[in-house]
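A.B. asks: Got a predicted model here, sequence first, then my questions.
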Amino acid sequence: MIKSKLLAAAAALLICTGCAHSGGDPSGYYEEPDSAESAASQASTESLESADSSAAESKADRSDKAEEADMYDVSPIAEAYRAGDPSALSEFDREIYEKAAAVLDEIITDNMDDYEKELAVHDYIVYNVTYDEGSLSAIPNPAEHCDDPYGALINGKAICKGYTTTFRMFMGMLSIPCGTVHSSDATGEEHAWNTVKLDGSWYYVDCTWDDPIPDSAARPVIHTYFNVSREEIETDHVLPDGCPDTESAANSYYTRSAVKIADLGEIYGAAKDALAQDRRDFVLLFDESTGITLDGVDAIDDIYEPESKALEKKLNGLAAKMKKDGLANNCFLDVRRVQTAEGIGLYVEMHLFTD
């Protein structure tokens, strides 16, 4: 059944309410100047003495910004990993480092590009971290270290700051430029999420809102807030000054995961392929032969009501086919138009019920 509103987005609004605000204005955007790219650029334009001085100032600046944003400073861990030398880390950071390094050994392969590495990190976090529901209680009882990578990776529980700093740490370890947005959602609740730079364009990532409450084992991952544009994230996130624009859709999730079909009968195959990859969402692009045209409409938060009876029939028929194949007892779909590098596509999120 096609639903007329995005349940995932509505549910996500409940998730960030545990990002406890410690006082003052948390709003800010912070880019971590710790990538190998920035280090190489600095070394090529400054003398060794000047570079050493600048590096010291950069570390101090990062520490000040982390404190200002009430975020855990993950730059020492990222720097130690890139240098291959964790000896200077505190015992606390060393434990985080060892767990994070083991995770990267498990999920990253040499043939991956930066997008694929980022996706692997996002999916690992969403799969293995549980949102700390104690922070949502009327009388908050947050888990220990829920706002830093220790809570996320070692204890397995985090709030938005824990998800955000963990993602940022992994990106720093992989030398992928990454930033932190510390602001609020559209309801005014404090929240934090990330930016990431791929092939010269910035995208927005919110691991917290891609991790539903309640959590459940062996559930496929969704990517509603993975590598979306500034325009898309602004529909339900408040961006402070300084946040970058998105210049390209080439490395958006919608573009990189899109499947172009020449026949509507291929929709079920796209759905099964997504589930086989532990995803419960997929993006469709329609060849002219299908007779489906999505261009010329607002792609941002625009709920898709099928103009084509044939398309509507195929989408609604997914539930019956999945039940027949033993994939789910019931299935509801959230469907909306999205922008890809090849034009307007159809984003389909599957809500599967096995009981």
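C.D. replies: Done, it's in. Because the structure is predicted, anything quoted here is derived from the model rather than measured.
A.B. asks: Now do Ala60, the pLDDT please.
C.D. replies: Listed pLDDT for Ala60 reads 47.
A.B. asks: same thing with Pro86?
C.D. replies: In this prediction, Pro86 carries a pLDDT score of 98.
A.B. asks: so it makes contact with Arg94?
C.D. replies: Yes - because the distance of 5.7 Å satisfies Cβ atoms under 8 Å, Pro86 is recorded as touching Arg94. From N, CA and C alone the C-beta is placed, and that goes for glycine too.
A.B. asks: Helix or strand for the residue nearest to Val74 when sequence neighbours are not counted, just tell me which one.
C.D. replies: Using Cβ to Cβ, 6 or more residues apart in numbering and skipping the chain neighbours, the partner closest in space to Val74 is Met169 (3.7 Å). Taking DSSP states H and E as the criterion, Met169 maps to helix 160-173.
A.B. asks: and after that helix, which helix or strand comes next?
C.D. replies: Moving toward the C-terminus from helix 160-173, the first helix or strand encountered (DSSP H and E) is strand 178-185.
A.B. asks: and the next helix or strand after that next one, what's its mean pLDDT?
C.D. replies: Later in the chain than strand 178-185, the nearest helix or strand by DSSP H and E is strand 190-198. Looking at strand 190-198 alone, the average pLDDT works out to 96.
A.B. asks: Strand 190-198 packs against which elements?
C.D. replies: Counting by 3 or more Cβ pairs under 8 Å, 6 or more residues apart in numbering; DSSP states H and E, the packing neighbours recorded for strand 190-198 are helix 114-128, helix 160-173, strand 178-185, strand 201-205.
A.B. asks: Show me how far it is from its chain's centre.
C.D. replies: Using Cα atoms, centre = their mean, to the nearest Å, the mean C-alpha position of strand 190-198 is found 8 Å from that of the whole chain.
A.B. asks: How about stretch 227-242?
C.D. replies: Mean-position distance between stretch 227-242 and its chain equals 13 Å (Cα atoms, centre = their mean).
A.B. asks: Counting neighbours, which bits of it end up buried?
C.D. replies: Buried residues in stretch 227-242, counting neighbours by 16 or more other Cβ atoms under 10 Å, are found at Asn227, Val228, Ser229, Arg230, Glu232, Ile233, Glu234, Asp236, His237, Val238, Leu239.
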